[in-house]
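Predicted model follows, preceded by the sequence.
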Amino acid sequence: MLSTIRPAVIAGAVLVLAGAMANAPAIAQEKVLRIGMTAADIPRTHGQPDQGFEGNRFTGIPIYDALVNWDLSRADAPSVIIPGLALEWAVDANDKTKWVFKLRPGVRFHDGSPFNAAAVVWNVQKVLDQSAPHFDQSQVGVTVSRMPNLRSARAIDDLTVELTTSAPDSFLPINLTNLFMASPAHWQKLLGEVPAGVTDPRQRAQAAWTAFAANPSGTGAFRGVRLVPRERFEMVANRDYWDTARRPKIDRVVLLPLPEPNARTAALLAGQVDWIEAPSPDAVPQITSRGFKIYSNAQPHVWPWQFSFREGSPWTDRRVRHAANLCINRDELKELLNGQMEVPKGTVPPGHPWWGNPSFDIRYDLAAARRLMQEAGFSAQRPVTVKVLTSASGSGQMQPIVMNEWLQQALKECFFNVELEVAEWNSVFTNWREGAGSAGARGANAINVTFAAMDPFFAMGRFVTRQANPPTSNNWGFFNSDEFDALVNTARTTFDAAGRDNALAALHKRLVEEAPFLWVAHDVGPRALSPRVTGVVQPRSWFIDIATMDIRAGS
């Protein structure tokens, strides 16, 4: 069972948060929104965040824009892509490796410099061109793994840019929601301020990026103004933001890392924060009885175990993979989590355009699970040992310790001996790109990293092709076959929407049937907010828009 909120925990959280706020500038007249994140550190602020999609949500989208943005304005329909810094885009009719993007005129970075095609080229080079003076290896992994086919950019004129991919790729516009545009002029200025004694070009570039993270410049609705690693990050409203409908009403946003769920909940109840991610499920009645609001919505977001297919892994036997998926009573887990999940039938739900009607039905069927395990050679006297790498917190990880301990007990019924290897979230997330068998996997043959499923590559493509094998992307377990390479290629090279949906449905059908995952839950993104916070739209997305919110001033 989940632990309760103890007075000592509340007192500790109050002291920690009170100490953090005591160092803040005088903001009594400001509208200040304080957010308790699940991350153990501030997501990177230089334009390509880490900490999973919690980084995109809290330091990516607020400070920066991409060429293509997500529409986060609706709670009653799935989020779709909309023009961001690009007004329109199209693939070349004769060469489908080339895309032309028409850029939005009149946009300026926070430092006052203009956004233009040259800035797009510069931002592509920062993660792809190792010969570029501003290339930053630290930004590569979290970017390239999300758009592995992007190769280069070329300015056609001041407001037109051509992007080139290594192969025809109809997913590219969606992938580009993850390439945030940082200011070249601001970075160049900071490079000029690096002490002359630092002579190595790469060291100078790294010093400039470090300075940039502390003083970032994007085009977004908020400007970063104060960074204290592992403690806090502050943003203030960009009153000149190009999208007048999203000019912030809130004056200042304060991000605070609070990875422990009881500490997050205690901080909210004590009035130290106005918003927490993933509140403790058993604390929800107490939270709501105190007047706080719980927001949630079904999301395209999967909480899985991802299996290893390396030699010696027990998961290479499909009977074992099916048995695990049949062994767990997800309705029971949902009750344990106080309803804060949806029960999955695959990566996408029935009725989704990509569903495909798989022949394998993910359900609770203990007898069938045991039968499959016995066919595979396992029994109560001869259980199979599996080791799972997970984290104690993190972006989208929901309640990872509680959920994994529940799985550990549930799977015993089907002759699984589950060992849990718990590591810090960013280490687990890094290993997701290092792969099974690497030192970072710590001997695990499954990994528990949640993932967003709102675009085809994120939902399926990055888990099932040789091209996505580590370190390129997130096929952690090396699930490889000619069949799946061909299925993904068909979907990727189909540029009409209906045809692509049909190809993706065929891919999802086979994905569920082969079961490279243990599908445990779909997240609903629960967050608890003070009633002082208004204008909240909880979209059917992993992201949320702070810019349109408001808050009553004062405590």
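Yep, it's here. Since the model is a prediction, treat every value here as computed from it, not as a measurement. Numbering: from 1, shown residues only.

Every contact and neighbour count from this point should use C-alpha atoms.
OK.

so residue 461, which of the three states?
Following DSSP: H, G, I helix; E, B strand; the rest coil, residue 461 is assigned to helix.

Does it touch residue 490 like I think?
No. Using C-alpha atoms under 8 Å, residue 461 makes no contact with residue 490, being 11.1 Å away.

and those two? which has more neighbours close in?
residue 461 (27 against 18; other C-alpha atoms under 10 Å).

any residues touching stretch 290-303, and which ones?
With C-alpha atoms under 8 Å, 6 or more residues apart in numbering as the test, stretch 290-303 has contacts from 75, 269, 284, 287-288, 340-342, 347-348, 396-397, 448-454, 519-531, 538-542.

at 7 Å instead, please
For stretch 290-303, the surrounding residues in contact (C-alpha atoms under 7 Å, 6 or more residues apart in numbering) are 347, 450-454, 519-531, 538-542.

Export it to CSV, keeping only CA atoms.
Listed next in CSV are the C-alpha coordinates belonging to stretch 290-303 (Å, rounded to 0.1, in the frame of the first residue of the first chain):
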residue,chain,number,x,y,z
ARG,A,290,-8.4,21.3,1.5
GLY,A,291,-9.8,23.0,-1.6
PHE,A,292,-7.0,22.1,-4.1
LYS,A,293,-8.0,20.9,-7.6
ILE,A,294,-6.9,17.7,-9.2
TYR,A,295,-6.6,17.9,-13.0
SER,A,296,-6.2,14.8,-15.1
ASN,A,297,-7.0,13.6,-18.6
ALA,A,298,-6.4,10.5,-20.7
GLN,A,299,-3.0,10.9,-22.4
PRO,A,300,-1.1,9.3,-25.2
HIS,A,301,1.5,8.2,-22.7
VAL,A,302,2.5,4.6,-21.9
TRP,A,303,3.9,3.2,-18.6
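
quick one, strands of the stretch 251-400 of the chain?
In the stretch 251-400 of the chain, the strands defined using DSSP state E, counting those that start in this stretch lie at 252-257, 275-277, 293-295, 301-307, 384-391.

what's the average pLDDT for the fourth one?
Read it as strand 301-307. Mean per-residue pLDDT for strand 301-307: 97.

what do you get for the second one?
This predicted structure assigns strand 275-277 an average pLDDT of 96.

Ok, stretch 227-235 next?
96.

For it, what is the distance to the chain centroid?
Computed by C-alpha atoms, centre = their mean, to the nearest Å, the chain-centroid distance of stretch 227-235 equals 20 Å.

And for stretch 130-138?
How far stretch 130-138 lies from its chain's middle: 24 Å, per C-alpha atoms, centre = their mean.

Stretch 267-282 now?
21 Å.

Please identify the buried residues of that stretch?
Neighbour-count burial for stretch 267-282 flags 267-269, 272-282 (criterion: 16 or more other C-alpha atoms under 10 Å).

Over to stretch 86-95?
Neighbour counts over stretch 86-95 (16+ other C-alpha under 10 Å) mark 86, 89, 91 as buried.

returning to that earlier point: Serialize the strands of the stretch 251-400 of the chain to TSV and add fields for distance to residue 371.
Output for the strands of the stretch 251-400 of the chain, formatted as TSV (distance: least, C-alpha to C-alpha, whole Å):
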stretch	distance to residue 371
strand 252-257	45
strand 275-277	40
strand 293-295	41
strand 301-307	21
strand 384-391	14
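
so which of these gets nearest residue 143?
In terms of C-alpha to C-alpha, the element of those nearest to residue 143 is strand 301-307, at 19.1 Å.

Given that closest one, what are its sheet partners and their directions?
strand 446-447 (antiparallel), strand 451-452 (antiparallel), strand 517-522 (antiparallel) (DSSP bridges).

and among those, the most buried is which?
strand 446-447 (a mean of 28; mean count of other C-alpha atoms under 10 Å).

Identify the bridge partners of residue 517.
Under the criterion used (DSSP bridges), residue 517 bridges to residue 306.
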